[in-house]
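Undergrad: Here is a sequence with its predicted model. Questions after.
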Amino acid sequence: MPLTHFDAQGQAHMVDVSEKAVTDRVAVAAAYIKMAPETFDLISEGRAKKGDVLGVARLAGIMGAKKTPDLIPLCHPLPVTKVAVELTLDPELPGVQIEATVKTSGQTGVEMEALTAASTAALTVYDMTKAVDKAMEIGGIRVLLKDGGKSGRYEAQ
């Protein structure tokens, strides 16, 4: 399958979706941020000096999804109809598991919006706690689910 963001001359361009049908679309993306046990305790006990780490990260993820076309040059601005960002404390990491769901009715998918939401939430956790743990690790950024449109449903294994 050819890459759609390049024209016949190999130049980057925004894909023309004007002939595509408007369909309901959803994407779910994930990320994690791994940290020192002491940082995990700081977040889970609500002792971070900057405030409610998970609450602020949730809002940042929502805002990130809405700003995706401002950050990713060839993304279409979409009428996002839902953004949900779940942050779950995971003592096994230790750290935070992040899952972002984005929905729209449109002519192109919302995978980039979901990925941006998950990434922005993880970056916000880092920003709010970096004073005590600069060695935190962000990873696992991936699409878990994409549904709607011509290519149908994708679920990560």
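TA: Done, it's in.
Undergrad: where does this protein dip in pLDDT?
TA: 1-2 (pLDDT under 70).
Undergrad: That one: strands as residue ranges?
TA: In the chain, the segments counted as strands under DSSP state E are 23-34, 80-90, 95-106, 137-147, 154-155.
Undergrad: nearest to residue 58, of the ones you listed?
TA: strand 80-90 (4.7 Å; Cβ to Cβ). Yep, even glycine has a C-beta here, placed from its N, CA and C like the rest.
Undergrad: Which neighbours in the sheet does that closest one have, and how are they oriented?
TA: strand 95-106 (antiparallel) (DSSP bridges).
Undergrad: tilt between the strand it pairs with and strand 23-34?
TA: Using axes from the mean of the first three to the mean of the last three Cα atoms, to 10 degrees, the inter-axis angle of strand 95-106 relative to strand 23-34 is 170 degrees.
Undergrad: quick one: strand 95-106 to chain centroid distance?
TA: From the chain centre to the centre of strand 95-106 is a distance of 6 Å (Cα atoms, centre = their mean, to the nearest Å).
Undergrad: Can you show me the CA trace of that strand as PDB?
TA: C-alpha atoms of strand 95-106 as PDB (Å, rounded to 0.1, in the frame of the first residue of the first chain):
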ATOM      1  CA  GLY A  95       4.000   4.200  37.400                       C
ATOM      2  CA  VAL A  96       0.900   5.200  35.500                       C
ATOM      3  CA  GLN A  97      -0.900   3.400  32.600                       C
ATOM      4  CA  ILE A  98      -2.700   5.800  30.200                       C
ATOM      5  CA  GLU A  99      -5.500   5.100  27.800                       C
ATOM      6  CA  ALA A 100      -7.000   7.700  25.600                       C
ATOM      7  CA  THR A 101     -10.200   7.400  23.500                       C
ATOM      8  CA  VAL A 102     -11.200   9.800  20.800                       C
ATOM      9  CA  LYS A 103     -14.400   9.800  18.700                       C
ATOM     10  CA  THR A 104     -15.600  11.800  15.700                       C
ATOM     11  CA  SER A 105     -18.000  11.600  12.800                       C
ATOM     12  CA  GLY A 106     -15.900  12.600   9.800                       C
END
